[in-house]
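# make a model of this:
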Amino acid sequence: MHFFSDNVTPISPAILAAIAAADHADHGYDGDAWSARLDGAFSDLFETPVSALWVATGTAANCIALATLCPPYGGIICHEEAHIMVDECGAPGFFTHGASLMALPGDGAKLSPQAVTDRLKMIRPDVHQVPARAISITNATEYGLVYAPDEVAALGDVAKAHGLGFHMDGARFANAVAHLGCAPADVTWRAGVDALSFGCVKNGGMVGEALLFFGDEAPARAAEAKRWRKRSGHLFSKGRYLAAQILAMIEGGLWLDNAGRANAAAQALAAGAAGRLMHAVQANELFVRLTADEAASLRAQGFDFYDWGEGAARLVTNWSQDAQSVAPLAHALRALDHG
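Residues are numbered from 1 along each chain as shown. Take a look at the predicted model:
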């Protein structure tokens, strides 16, 4: 009855099997047979040539990507509640050697093209101000909302018009695609995205995420990213164990299957929280209005979750749950309105 985060979930059995299958001698670092397959596997998935590498964490994936897109004197436009803004302990500045985060508001933690354009207009073209060099968005967002392909493309158009790199934090990318039912390409490179942090751990992985680069500059950016990975201490000696997990996730469709289950569990939970939802439920996160007494009552019944500001809570479902397993919490939420 844990609804803290999809970070705390069990490891998918297929992932454990993939780790076991990789448990024999091979070349070190990323010279192994599994790491060598990443480019091809992701190229097949995204229907375009992709340069892919594994990294240890989502923070590393985000910040190494940004370091390849933005120089130390540049700025990265993001939402004011983006993970890179509030939950990465200044890592973007650390990896980029000082680039600034240019935070903007937006409903549901989504950036709008107009807000980005307006911010760009405020920057003078002289050496006294920080020039924007990249845009970073999160899909699904920190409030569980999903950017549709046309929304990403609209931001991609702004990025292209102003010569900006375009990064997507996809810690819950699988949940976004499962909700949209679109091709992964439609919400990434076809919409102008240059770099994608492809989440695995929240979706049933043990450790390791994928960092993907698209477009003509992908090989050069990936080569630079590998230098950042080594310099920051993220080059695993036995990288095959990370690569094997990622391949197991994408080659047989496990990534979408797991995300689909998490999303379905969230919808079942949302049915019990009708009238309390603060945002539409599009992925696997719910934000609900709860008084302190109501939250205490739920916790007394054994349900664990995070408070999310005064009078609100966040509930996160995961790949190992379904409608039946979340039914007790859905029932408890309904009971609050009839107690």
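
# name the residues of the longest helix along the chain that are buried.
Longest among the helix segments of the chain by residue count, using DSSP state H, is helix 254-272. For helix 254-272, the neighbour count (16 or more other Cβ atoms under 10 Å) marks 254-270, 272 as buried. (Each C-beta comes from the backbone N, C-alpha and C, glycine too.)

# ok, stretch 24-41 next?
30, 32, 34-35, 37-39, 41.

# flag the shaky bits of this protein, pLDDT-wise.
339 (pLDDT under 70).

# where do the strands of it begin and end?
Assignment of strands within the chain using DSSP state E yields the ranges 51-55, 75-79, 100-104, 132-138, 165-170, 195-198, 209-213, 285-289, 306-307, 312-316.

# in JSON lines: those, plus mean neighbour count.
JSON lines is the format used below for the strands of the chain (neighbours: other Cβ atoms under 10 Å):
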{"stretch": "strand 51-55", "mean neighbour count": "26"}
{"stretch": "strand 75-79", "mean neighbour count": "25"}
{"stretch": "strand 100-104", "mean neighbour count": "19"}
{"stretch": "strand 132-138", "mean neighbour count": "26"}
{"stretch": "strand 165-170", "mean neighbour count": "27"}
{"stretch": "strand 195-198", "mean neighbour count": "29"}
{"stretch": "strand 209-213", "mean neighbour count": "28"}
{"stretch": "strand 285-289", "mean neighbour count": "23"}
{"stretch": "strand 306-307", "mean neighbour count": "12"}
{"stretch": "strand 312-316", "mean neighbour count": "23"}
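
# for Q114, find the nearest of those strands.
strand 100-104 (10.3 Å; Cβ to Cβ).

# relative orientation of the closest one and strand 75-79 in degrees?
Interaxial angle, strand 100-104 versus strand 75-79 (axes from the mean of the first three to the mean of the last three Cα atoms, to 10 degrees): 30 degrees.

# how big is the angle separating strand 100-104 from strand 132-138?
Inter-element angle recorded for strand 100-104 and strand 132-138: 60 degrees (by the same axes, to 10 degrees).

# listing partners with orientation, what would you give for strand 100-104?
Strand pairing for strand 100-104, using DSSP bridges, gives strand 75-79 (parallel).
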